[in-house]
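> predicted coordinates and the sequence they were generated for:
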Amino acid sequence: MRKCTLLAFLFLLFFAGASLAEEEDHDHGKELRLGDKGFGHTPEAHDIYQRFFTSAKCSCTNGQCRPSSWARVEVSAKAPAGIVVLVDRKWCGVTEDILNKQYNIPGDVYADLAKLGYRAHVCATASPADGKTCPTVECVVFISDR
């Protein structure tokens, strides 16, 4: 009888612990990486991003801007301008309209973004729940072609 009670207790403890661990992972998510919402969004960066999406005429809201990276790719339906940016761990294509918004950014805002030390900055909507579809990229600015 003692063995059964002990096994039942261990069984409950194991599954309760697993459930708590899942909740913790869900609440805190994975470690943030370049391109993830919230990554690099410091108070200093937030102030710069406010100026960035105002001057670029982006329809972003608080917390949607983040450091990113970019790459040239073959023009396709998924990358109509031949450029992709890293957003929420996916390479997402951008349109010419989105690329052109970066030319509205004043030099001082561009310089402040460059000081943050990343190749690109994006403003994007939340990722769709399916985890596969790219979010909508509202704005992007490229800092260098390193």
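Perfect, I can see it now. Just so it is clear, the model here is predicted, and its values are computed rather than measured. Numbering: from 1, shown residues only.

> so what's the most centrally placed residue in the chain closest to, chain neighbours aside?
Taking Cα atoms, centre = their mean, the centroid of the chain lies closest to residue 36, which sits 2.7 Å from it. Among residues not flanking residue 36 along the chain, residue 88 sits closest, at 5.8 Å (Cβ to Cβ, 6 or more residues apart in numbering). Where C-beta positions appear, they are placed from N, C-alpha and C, glycine not excepted.

> which ones are touching that neighbour?
35-37, 124, 127, 134-135 (Cβ atoms under 8 Å, 6 or more residues apart in numbering).

> now do 10 Å
Applying Cβ atoms under 10 Å, 6 or more residues apart in numbering to residue 88 gives the contacts 33, 35-37, 39, 66, 68, 122, 124, 126-128, 131, 134-135.

> how near is it to residue 115?
Counting by Cβ to Cβ, to the nearest Å, the separation of residue 88 from residue 115 is 24 Å.

> name the nearest residue to residue 39, sequence neighbours excluded.
Per Cβ to Cβ, 6+ apart, closest to residue 39 is residue 32, 4.2 Å.

> assign that neighbour to helix, strand or coil.
Here residue 32 is recorded as coil under DSSP: H, G, I helix; E, B strand; the rest coil.

> from residue 135, how far off is it?
15 Å.

> more neighbours, these two?
Neighbour count, other Cβ atoms under 10 Å: between residue 32 and residue 135, residue 135 has more, with 17 against 14.

> backbone dihedrals for the more buried one, please?
Main-chain dihedrals, residue 135, degrees, to the nearest 10: phi -70, psi 170.

> same question for residue 74.
phi -70, psi 140.

> and the residue lying closest to it once chain neighbours are set aside, what does it touch?
Residue nearest to residue 74 in three dimensions, not counting chain neighbours: residue 82, with 6.6 Å by Cβ to Cβ, 6+ apart. Residue 82 makes contacts with 71-76, 93-94, 96, 99, as judged by Cβ under 10 Å, 6+ apart.
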